[in-house]
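Peer 1: Model the following, please.
(chains A and B)
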Amino acid sequence: MSTTFWIILAGAVATYLTRVGGHLVISRFQTVHPRVEAGLNAVPAAVLTTLVAPAALGAGPAEWAALIVTALMSLRGGLMAMFLAGAAVLILARQFVG
Amino acid sequence: MTAEAISESRARSDFWDGVRLSMPVVVASAPFAILFGAIAVDNGFSVLEAFLMSALIFGGASQMVGIELFGQHVAPWLVVLSIFAVNFRHVLYSAGIGRRIAHWPVLQQALGYFILTDPQYAVAEARAASGQSVRFVWYLGLGLPVYVFWVAESALGAVFGKMIPNTHALGIDFLLPIYFLGLVLGFRKRPLWLPVVVASAFASIVAYQTVGSPWHVSIGAIAGVLLAVILPPHHSGVGKRT
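Peer 2: Below you'll find the model as predicted:
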């Protein structure tokens, strides 16, 4: 077996542990404290923000325009509308500002 | 109709309900799957290895990071550790979704956790929050198309990768943040949304520039979650029901 194969296999095991681990640990507790529940409710926005913020800061005018349009679209449309509008603005803007 | 026929037709409609919701995710992840395959081959993976990585890990951002480090000839254990770090956020998803799917048979849960990606969590959590139950067939309908297309398109990207023209002009490198921003905004009605987003954004930017990638993901997320835990419960809208 090649090194690449073992990296993939170990990466897969590590990934599965993260996906099943949270439940296995949390489910040991009988009741969920309100503060823990508040923390869990905050998870998706907290994590997804970290995938946006540094990328946005390091980007340029074309990317900022795309993110602003995406945010504006959220007032009206759903996720797909937001994504398509943002992507369209990005591709268009990059033709001019690279 | 017999009770069995009714429950079977409900299961079928539940499944297709999930499939319908999976379509935006399938479309949005397609460029990344193809891009992943192309970059993987470019960094020394075979087509089979690119296919295997998508099939076994099924986590876009972590696969990209893994490939990137592999191409830089970083020590294997460090590549695996980085994949783990990028995926560490799933611990939190797992804890969250575990409350919703604990009534499934164990094997279904085991499979459910395998396909627990960012959008899978976001959509399933949104369904649970709206008061609907998260059934296995619905969850499978949501996740299966994403998985099948992800794996197939990764292999396709690996085969045809070098034929993608100017990826910068097509904006491929920045589609992911746009998509994630859309997901973040989808949660804006939640209690504490703005403080959590501000805290996570700030912490992830600081971590990105000090500790570096990929740790900014875990550090930024922990900052936002800690803030929600620390603020008094009456702000967070939980605890009213006991």
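
Peer 1: Kindly list the longest helix within the chain.
Peer 2: Picked chain A for this. helix A:3-26 (DSSP state H).

Peer 1: The chain in question should be chain B.
Peer 2: Max-length helix for chain B by DSSP H is helix B:3-42.

Peer 1: and that one, is it in reach of chain A?
Peer 2: Yes - Helix B:3-42 reaches chain A (C-beta under 8 Å from any C-beta of the partner chain) through B:Met23, B:Pro24, B:Val27, B:Ala28. Just so you know, the C-beta spots here come from the backbone N, C-alpha and C atoms, and that holds for glycine as well.

Peer 1: Same question for stretch B:209-223.
Peer 2: Yes - for stretch B:209-223, a contact with chain A is found by C-beta under 8 Å from any C-beta, at B:Gln209, B:Ser213, B:His216, B:Val217, B:Ile219, B:Gly220, B:Ala221, B:Ile222, B:Ala223.

Peer 1: Can you say which of these are buried?
Peer 2: Using 16 or more other C-beta atoms under 10 Å in any protein chain shown as the burial test, these include B:His216, B:Val217, B:Ile219, B:Gly220, B:Ala221, B:Ile222, B:Ala223 as buried.

Peer 1: what about the last one, which helix or strand?
Peer 2: Assigning secondary structure by DSSP states H and E places B:Ala223 in helix B:215-230.

Peer 1: how about low-confidence regions in the chain?
Peer 2: You didn't say which chain, so I picked chain A. In the predicted model, chain A carries pLDDT under 70 at residues A:27, A:30, A:98.

Peer 1: that answer is for a different chain, and I need it for chain B
Peer 2: For chain B, the stretches with pLDDT under 70 are B:1, B:161-167, B:172, B:236-242.

Peer 1: which parts of stretch A:87-95 are buried?
Peer 2: Going by neighbour count (16+ other C-beta under 10 Å), the buried part of stretch A:87-95 is A:Ala87, A:Val89, A:Leu90, A:Ile91, A:Ala93, A:Arg94.

Peer 1: which residues does the residue nearest to the spatial centre of chain B contact?
Peer 2: Centroid-nearest residue in chain B, with C-alpha atoms, centre = their mean: B:Asp118, separated by 2.2 Å. Counting by C-beta atoms under 8 Å, 6 or more residues apart in numbering or on different chains, B:Asp118 touches A:Pro44, A:Val47, A:Leu48, B:Arg89, B:Tyr93, B:Phe180, B:Leu183.

Peer 1: circling back: what residues does the longest helix of chain A touch?
Peer 2: A:32, B:44-46, B:49, B:52-53, B:56-59, B:62, B:66, B:70, B:76, B:79-81, B:83-84, B:87-99, B:102, B:109-110, B:113-114, B:116.

Peer 1: ChimeraX command for the buried members of these?
Peer 2: In ChimeraX, this line selects whichever of those come out buried by 16+ other C-beta under 10 Å:
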select /B:45,49,52,53,56,57,58,59,62,66,70,76,79,80,81,83,84,87,88,89,90,91,92,93,94,95,96,97,98,99,109,113,114,116
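
Peer 1: Mind checking which of the contacts of helix A:3-26 are in helices?
Peer 2: Secondary structure from DSSP H places B:49, B:52-53, B:56, B:62, B:66, B:70, B:76, B:79-81, B:83-84, B:87, B:90-99, B:109-110, B:113-114 of those in helices.

Peer 1: so which of those residues also contact chain A?
Peer 2: B:49, B:52-53, B:56, B:62, B:66, B:70, B:76, B:79-81, B:83-84, B:87, B:90-99, B:109-110, B:113-114.

Peer 1: hmm, back to that, ok, and which of the buried residues of stretch A:87-95 reach chain B?
Peer 2: Okay, of these touching chain B (C-beta under 8 Å from any C-beta), that's A:Ala87, A:Leu90, A:Ile91, A:Arg94.
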